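> Okay, here's the prediction I keep looking at, along with the sequence it came from:
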Amino acid sequence: MSTSLIITTLNEIDGIKKILPEIKKEWVDEIIIIDGGSTDGTVEKSREMGFKVIKQKIPGYGGAVLTGIEESTGDKIIIFGSDGSNETSEIPQLVEKSLEGFDQITISRFGKTSINEDAGIIDGFGNKIFSFVTNIIFGGKSTDTLSSSRLFTRKAILEIKLNELSLCAVEQISARGMKRKQRFYEIVGNERARIGGEKKMQRISTGITLISLIIKEFVFWRS
């Protein structure tokens, strides 16, 4: 089975200068950068380094994921950030573990041995609360339902019918996967400090969206 790596970008030139040279093309069968309208040279630099870049068709982070799903060809899809907070060594780990037949594999930034340099006390606490609530309601065991470094099979993501376009798309992927009893596996990883650029997550608005999403997923259980 083939694997596609989808890297999402939006004005992350400093991040891609570091992470793209670290990614070995033999790790996966296909690498696509989905760009949300960068104006800082991200697109030009990525192409200069030999990577395929596709303009995002649908707005929002969830829209970038949906564009990547549509544009990729792999039986398995890895979504990966470009700000340097995720370690590129996670990619071959995800690929190797996928050989065991899991529907979703996530990199947890809040495992027992995780090193977290990016999330502060409030963000870290909030993530743990949302993960706990998600597990209780939907029957999961994840320590990081908001992880944006993850692999899922094409079958699994199409079954989920992702339609959340915000940064909270990963929460919907987690919750709907749990509702459908998909097979999850979690790899303990780290979250490094972002490299340049601006943090996209706005704490209050993201929290409100997450609460709303969890309620909707519970009320409309069959969605």
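Alright, I've got the coordinates. Numbers count the residues shown, from 1 in each chain.

> tell me the helices in the chain, going along the chain?
In the chain, the helices defined using DSSP state H lie at 13-19, 42-48, 60-71, 90-98, 121-138, 154-160, 169-179, 203-219.

> Dump those helices into a markdown table; add mean pLDDT and mean neighbour count as well.
To be clear about C-beta, it is placed using only N, CA and C from the backbone, and glycine gets the same treatment. Below are the helices of the chain laid out as a markdown table (pLDDT from 0 to 100; neighbours: other C-beta atoms under 10 Å):
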| stretch | mean pLDDT | mean neighbour count |
| --- | --- | --- |
| helix 13-19 | 96 | 20 |
| helix 42-48 | 98 | 17 |
| helix 60-71 | 97 | 20 |
| helix 90-98 | 98 | 19 |
| helix 121-138 | 87 | 16 |
| helix 154-160 | 98 | 17 |
| helix 169-179 | 98 | 24 |
| helix 203-219 | 92 | 15 |
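
> I'd like those as TSV, with distance to V188 appended.
Converted to TSV, these look like this (distance: least, C-beta to C-beta, whole Å):
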stretch	distance to V188
helix 13-19	20
helix 42-48	29
helix 60-71	23
helix 90-98	10
helix 121-138	14
helix 154-160	21
helix 169-179	16
helix 203-219	23
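
> which one of the ones you listed lies closest to D29?
helix 90-98 (9.8 Å; C-beta to C-beta).

> re earlier: out of the helices of the chain, flag the one nearest Y185.
helix 90-98 (5.8 Å).

> Show residues contacting that closest one.
3, 5, 23-24, 27-28, 76, 78, 80, 105, 107, 149-151, 153, 185, 187, 189 (C-beta atoms under 8 Å, 6 or more residues apart in numbering).

> Write a ChimeraX command that selects only the buried members of these.
Command for ChimeraX, covering only those of the contacts of helix 90-98 found buried under the criterion 16 or more other C-beta atoms under 10 Å:
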select :3,5,23,27,28,76,78,80,105,107,149,150,151,153,187,189
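
> Let's see which of the contacts of helix 90-98 end up in strands.
Cross-referencing the contacts of helix 90-98 against strands under DSSP state E gives 3, 5, 76, 78, 80, 105, 107, 150-151, 153, 185, 187.

> Among these, list the two that are farthest apart in space.
Longest span within the ones in strands among the contacts of helix 90-98, C-beta to C-beta: L5 and Y185, 18.1 Å.

> Wait, G111 touches T143, no?
Yes - between G111 and T143 there is a contact under C-beta atoms under 8 Å: 5.7 Å.

> So between those two, which is more surrounded?
T143 (20 against 16; other C-beta atoms under 10 Å).
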